[in-house]
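Q: Sequence plus predicted model, see below.
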Amino acid sequence: MKLLDDEPTGSPARFWHPEGDRIRCDLCPRACLVSPGQRAFCFVRANHDGQMVLTTYGRASGFCIDPIEKKPLNHFYPGSSVLSFGTAGCNLGCKFCQNWDISKAKQFDKLADVATAEAIADAAVRSGCKSVAFTYNDPTIFAEWAIDVAAACRDRGVKTVAVTAGYITAEARPELYAAMDAANVDLKGFTDGFYRSLCYAEFQPVLETLEYLVHQTKVWVEVTTLLIPGKNDGEAEIDEMTRWFVEHLGPEVPLHLTAFHPDYKLPDIPATPASTLTRARAQALAAGIKHVYTGNVHDAAGQSTYCAGCGAVLIERDWYTLGAWNLRDGRCTSCGKALAGQVTEAPGTWGARRLRVMV
């Protein structure tokens, strides 16, 4: 894709090396080989005079304050507010993308807000946000900016969250995730065929990222799978996925099973029935995953948190609104078992609000 003359050249990028008169991106497994004046698949990393630049550095698609449960993160400061933003572009090509107007945007007018890392961190503090989330599109492709924002947040005592597909190289993982306090990784399906045909990506690197995050970092991890009728919601695939999950990630990493709605390039596939989510949740629990949630449907039972020891309700939820809180110092008030995650503080009171803010 040719760079337009009136577009900014961007900020110097990392995670690349030269190959002749072209440059090879080392950030994601796509490993784009980019000619002079051209862009990588993600559209935001470009070859400018033989150097890779990030064309969206410091430019956002807008800032909103959300409930942390919307990311979704149910075990990371429940009830708190999070300042959320993204940029244009994406390194996957998911036909079912539910933020396609942002992630697939090629017009820079989608990037309405310009802000420094310090300004974003200061806005989070002013707004009373516990954390800042890199979301709406994948922070992998704007890793340099995400890392800088995270550093500014850390200086001010603000946590950072990556909402990501986990499609990143082993070379780039350590630097990006060293800056993060939590991540929700979108495990889009559990077959090579699904990733190749519906995401234009490879499956194995995502599994490697998940194992890396859980076993080699201090990042709090939760996982989301969007269940699409006829594509990745079969009983056999759910069984295989949840068995792998318990064996490789452990039983107390939370799993969110969310409902698809017709969008982008899959407008003719029906929305996921609530019964599918209920069945898949039962399968995941039977496989040994202790914390399994349903999303994008009204299901208070499937959205509440239960003790992994005695089964008591620890945190009641109805969509993004919290009810009963049966924890003391992060432990079940019935049996004393600690709840996995960052839950030792009193719950926040942000609720289900979504507030657009200027930075």
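A: Everything's here; your move. Computed from a predicted model, the values in this text were never measured in an experiment. Numbers count the residues shown, from 1 in each chain.

Q: Would you map out the domains in the chain?
A: Domains of the chain are assigned by automatic domain parsing as 11-54, 59-352.

Q: tell me the contacts of the nearest residue to residue 77 once chain neighbours are set aside?
A: Nearest non-adjacent residue to residue 77, counting by CB to CB, 6 or more residues apart in numbering: residue 130, 4.9 Å away. C-betas here are computed from N, CA, C, even on glycine. Counting by CB atoms under 8 Å, 6 or more residues apart in numbering, residue 130 makes contact with 68, 77, 80, 81, 82, 158, 159, 348.

Q: quick one on the thing from earlier: any chance of the domains of the chain in JSON lines, with distance to residue 359 and mean pLDDT too?
A: Below are the domains of the chain laid out as JSON lines (distance: least, CB to CB, whole Å; pLDDT from 0 to 100):
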{"stretch": "domain 11-54", "distance to residue 359": "18", "mean pLDDT": "96"}
{"stretch": "domain 59-352", "distance to residue 359": "4", "mean pLDDT": "94"}
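
Q: Residue 358: which of these is closest?
A: Of all the domains of the chain, it is domain 59-352 that lies closest to residue 358, at 7.1 Å by CB to CB.

Q: measure that closest one end to end?
A: The first and final residues of domain 59-352 sit 27 Å from each other (CA to CA, to the nearest Å).

Q: Return the distance of it from the chain's centre.
A: Domain 59-352 has its C-alpha centroid displaced from the chain centroid by 5 Å (CA atoms, centre = their mean, to the nearest Å).

Q: Then stretch 32-50?
A: The chain centre lies 25 Å from the centre of stretch 32-50; the measure is CA atoms, centre = their mean.

Q: Identify each buried residue in stretch 182-191, please.
A: 182, 183, 184, 185, 186, 187, 188, 189, 190 (16 or more other CB atoms under 10 Å).

Q: Now name the helix or strand holding residue 214.
A: Taking DSSP states H and E as the definition, one finds residue 214 inside helix 204-216.

Q: Which neighbouring elements make contact with that helix?
A: helix 173-178, strand 182-186, strand 220-227, helix 235-248 (3 or more CB pairs under 8 Å, 6 or more residues apart in numbering; DSSP states H and E).

Q: Flag every buried residue along stretch 250-258.
A: Across stretch 250-258, burial judged by 16+ other CB under 10 Å covers 252, 253, 254, 255, 256, 257, 258.

Q: and the angle from the helix holding residue 214 to strand 182-186?
A: Inter-element angle recorded for helix 204-216 and strand 182-186: 150 degrees (by axes from the mean of the first three to the mean of the last three CA atoms, to 10 degrees).

Q: Dump helix 204-216 to CSV, restricted to CA.
A: Backbone C-alpha positions of helix 204-216 (Å, rounded to 0.1, in the frame of the first residue of the first chain) are rendered in CSV as follows:
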residue,chain,number,x,y,z
GLN,A,204,0.4,-21.8,16.9
PRO,A,205,1.9,-18.4,17.7
VAL,A,206,-1.2,-17.5,19.7
LEU,A,207,-0.8,-20.7,21.9
GLU,A,208,2.8,-19.8,22.4
THR,A,209,1.9,-16.3,23.5
LEU,A,210,-0.6,-17.6,26.0
GLU,A,211,1.9,-20.1,27.5
TYR,A,212,4.5,-17.4,27.6
LEU,A,213,2.3,-14.9,29.4
VAL,A,214,1.0,-17.4,32.0
HIS,A,215,4.3,-19.1,32.8
GLN,A,216,7.1,-16.5,32.1
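
Q: How about the contacts made by the closest residue to residue 327 other than its chain neighbours?
A: Sequence neighbours aside, residue 314 is the residue nearest to residue 327 in space, at 5.5 Å (criterion: CB to CB, 6+ apart). Residue 314 is in contact with 304, 305, 306, 307, 325, 326, 327, 332, 339, counting by CB under 8 Å, 6+ apart.

Q: On the three-state scheme, residue 314 is what?
A: strand (DSSP: H, G, I helix; E, B strand; the rest coil).

Q: Please report how far it lies from residue 47.
A: Between residue 314 and residue 47 the computed distance is 51 Å (CB to CB, to the nearest Å).

Q: Let me see the ranges of the strands in the stretch 251-359 of the chain.
A: For the stretch 251-359 of the chain, the strands defined by DSSP state E, counting those that start in this stretch cover 255-259, 292-295, 305-306, 313-318, 321-325, 327-328, 331-332, 355-357.

Q: could the ones you listed go into CSV alongside distance to residue 276?
A: What follows is the strands of the stretch 251-359 of the chain, written out as CSV (distance: least, CB to CB, whole Å):
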stretch, distance to residue 276
strand 255-259, 8
strand 292-295, 10
strand 305-306, 21
strand 313-318, 20
strand 321-325, 24
strand 327-328, 31
strand 331-332, 30
strand 355-357, 32
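
Q: how about those strands, which one is nearest residue 13?
A: strand 355-357 (27.8 Å).

Q: The closest one - what's its average pLDDT?
A: Averaged over strand 355-357, pLDDT sits at 92.
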